[in-house]
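Asker: sequence? don't have it. structure:
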Ligand code: MG
């Protein structure tokens with residue numbers, strides 16, 4: 001053998017192990033759960049909490065040489081944290097490893113039956129499976145649902161509760177976004193809106209996060225907000241005050257959207273008279289499949305639909321964005337509020353959600 005051929009053979013021998021056909025196809029299914037700490041660019045304050053970081057649960061599901069990624073952001077209001085979400089996913093590990101991932105609806109129905117609560121954990125698992133399914137079929141998730149990526153709505157960019165000075169600074173930083181969502185619900189609401197309005201005249205959407213406690217106060221504030229160019233109000237009163245919200249709705253002119261009052265598909269019919277629409281989040285619903293059901297039920301009841309998110313990485317936000325061609329409004333900015341996103345997925349151009357065209361979620365490492 002000539003020296004040149006010998007070198008070629010040696011080089012081939014070095015790479016050979018990775019090229020043996022079928023080695024990855026024969027690999028058993030695996031499931032990895034990791035708690036990831038996401039750092040916020042600004043401390044994030046709403047009526048419910050204030051923090052500088054959020055821990056979310058990440059799930060990686062591998063089968064047949066394909067890995068699907070999922071994420072769930074646990075919601076304190078529903079008594080969840082990252083550790084409890086992880087424990088919930090670990091409790092169905094054996095079921096997940098034995099399941100046929102193409103029977104994802106059957107599998108997730110069984111997970112919903114076995115696990116009580118822990119919606120963020122369920123969402124992480126559902127998203128990982130749907131990412132896997134999309135990659136297996138070679139199509140993006142929006143295509144699996146028969147949607148046109150050109151139909152994505154504009155997303156709002158959220159401004160958490162802060163001092164007027166920092167609110168003005170955040171509003172200036174939000175210059176690339178044509179619609180803003182402003183958090184209110186404390187006793188500083190007027191000062192917050194005035195601070196935003198001192199910087200910009202763009203359309204605003206306002207989220208009170210159950211912050212107002214009586215119906216007269218809600219009517220007074222909503223009618224004032226309408227005069228400030230606010231398009232709709234999210235969850236003005238506590239979730240349980242459905243009758244009072246119905247009373248408020250008959251006295252205001254802008255739509256009222258349910259968020260904390262609307263967690264699952266079964267919640268929606270009883271909300272139809274009190275609210276004009278619902279804000280659906282994968283972390284509340286338990287994933288893409290339940291969120292899709294919720295969108296269809298809300299539409300059937302003549303309600304507006306919105307997709308929102310918690311503070312999370314591009315995994316969860318991109319998963320929601322794949323369903324966004326179906327809805328009227330989106331608030332999918334959780335990944336834009338953090339400084340250490342491990343992935344890239346959906347992008348925002350002048351407020352418009354731009355879906356990746358790669359199979360599954362279409363994620364790439366950041
Ligand atoms: Mg909300």
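Answerer: Okay, I see it. What you see is a predicted model; the values in this text were computed from it and never measured.

Asker: Please identify the buried residues of stretch 263-283?
Answerer: 263-265, 267-268, 271-272, 274-283 (16 or more other C-beta atoms under 10 Å). In short, each C-beta sits where N, CA and C put it, glycine included.

Asker: and it, how far out from the chain's middle?
Answerer: Between the centre of stretch 263-283 and the centre of its chain there are 16 Å (C-alpha atoms, centre = their mean, to the nearest Å).

Asker: where does the stretch 201-350 of the chain come near the ion, residue by residue?
Answerer: When proximity is defined by C-beta under 5 Å from the ion, the stretch 201-350 of the chain lies next to the ion at 207, 234, 259.

Asker: Can you name the residues that contact the nearest residue to the second one once chain neighbours are set aside?
Answerer: What it means is residue 234. In space, residue 234 comes closest to residue 207 once its chain neighbours are excluded; the distance is 4.0 Å by C-beta to C-beta, 6 or more residues apart in numbering. Residue 207 makes contacts with 46, 158, 181, 182, 183, 184, 185, 233, 234, 235, 259, as judged by C-beta atoms under 8 Å, 6 or more residues apart in numbering.

Asker: of these, buried ones?
Answerer: Buried members of those, scored by 16+ other C-beta under 10 Å, are 46, 158, 181, 182, 183, 184, 185, 233, 234, 235, 259.

Asker: Please determine how far the residue in the stretch 201-350 of the chain that the ion sits nearest to is located from residue 357.
Answerer: Residue nearest to the ion within the stretch 201-350 of the chain: residue 259 (3.5 Å; C-beta to the ion). With distances taken as C-beta to C-beta, to the nearest Å, residue 259 is found 31 Å from residue 357.

Asker: Residue 95 now?
Answerer: 32 Å.

Asker: And residue 301, by the same measure?
Answerer: With C-beta to C-beta as the criterion, residue 301 and residue 357 are 33 Å apart.

Asker: Ok, residue 180 next?
Answerer: According to C-beta to C-beta, residue 180 stands 28 Å off from residue 357.

Asker: Can you tell me which of the buried residues of stretch 263-283 end up in helices?
Answerer: Applying DSSP state H to the buried residues of stretch 263-283, the entries found in helices are 282, 283.

Asker: How about residue 241, nearest residue that isn't a chain neighbour?
Answerer: residue 215 (7.6 Å).

Asker: isn't the one you found right next to residue 237, touching?
Answerer: Yes - Residue 215 is in contact with residue 237 according to C-beta atoms under 8 Å; the separation is 6.8 Å.

Asker: Between these two, which has more neighbouring residues?
Answerer: Using other C-beta atoms under 10 Å as the criterion, residue 215 and residue 237 rank with residue 237 on top: 25 against 18.

Asker: In the longest helix seen in the chain, which residues are buried?
Answerer: Longest among the helix segments of the chain by residue count, using DSSP H, is helix 119-137. For helix 119-137, the neighbour count (16+ other C-beta under 10 Å) marks 119-136 as buried.

Asker: tell me the mean pLDDT for that helix?
Answerer: Across helix 119-137, pLDDT averages out at 98.

Asker: so how far is that helix off the chain centroid?
Answerer: Mean-position distance between helix 119-137 and its chain equals 13 Å (C-alpha atoms, centre = their mean).
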